[in-house]
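1. Structure of the sequence below:
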Amino acid sequence: MDLKKVIRNIPDFPKKGVVFRDITPLLKDSEAFRYSIDALAGKYKDVKFDAILGAEARGFIFGSVLAYKLGVGFIPVRKPGKLPFDTCQVSYSLEYGENILEMHLDAVKPGDKILIVDDLVATGGTAKAKAELVEKRGGEVIGFCFVIELEFLNPRKFLEGYDVFSLVKYETE
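-> As a prediction, the model looks like this:
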């Protein structure tokens, strides 16, 4: 299935010169959504790991469904102040400043093997921050799994040393 046909391109969002890759039509299309989850699950069906980690909001969608399909747990990562228990956090750089992600302290134990899932990887900065959360708790990131990869931003350079898998790749903006 050609998922690019169901991913909507929105020019000049969130700023001029950027083409936003909107996955909401993919989510609404039951065949495309099922295909996406089945293709991601197929990549990891024979890999042993403990849980999938996903950040709000779109990482929750793909990560939780994939965790269910693969029979592993799901670890939510959120913005500061959104998780009710004791948390650890990591700050990371964005184009125009800093951001922070948090995870419950007991979400990852030493030796846990974690797959990080999201809808899209651009520069890789947010993905790398999620890996830092896992590794701070003694866990091992077994890989990154994305529906969309913006190859022209070269995220794999930032994620060097990690296994990276994506279903759809955009070579140009």
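
2. Name the residues of stretch 140-152 that are buried.
-> Using 16 or more other Cβ atoms under 10 Å as the test for burial, stretch 140-152 gives 141-150. Bear in mind the C-beta positions are built from the backbone N, C-alpha and C, glycine included.

3. In a markdown table: those, plus secondary structure.
-> Formatted as a markdown table, the buried residues of stretch 140-152 follow (DSSP: H, G, I helix; E, B strand; the rest coil):
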| residue | secondary structure |
| --- | --- |
| 141 | strand |
| 142 | strand |
| 143 | strand |
| 144 | strand |
| 145 | strand |
| 146 | strand |
| 147 | strand |
| 148 | strand |
| 149 | strand |
| 150 | strand |
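
4. Between those residues, which sits nearest residue 119?
-> residue 147 (5.0 Å; Cβ to Cβ).

5. The residue sitting nearest the centre point of the chain pairs with what?
-> Taking Cα atoms, centre = their mean, the centroid of the chain lies closest to residue 118, which sits 2.0 Å from it. Using DSSP bridges, the beta-bridge partners of residue 118 come out as residue 146.

6. Is it in contact with residue 61, as I believe?
-> No: using Cβ atoms under 8 Å, residue 118 makes no contact with residue 61, being 9.6 Å away.
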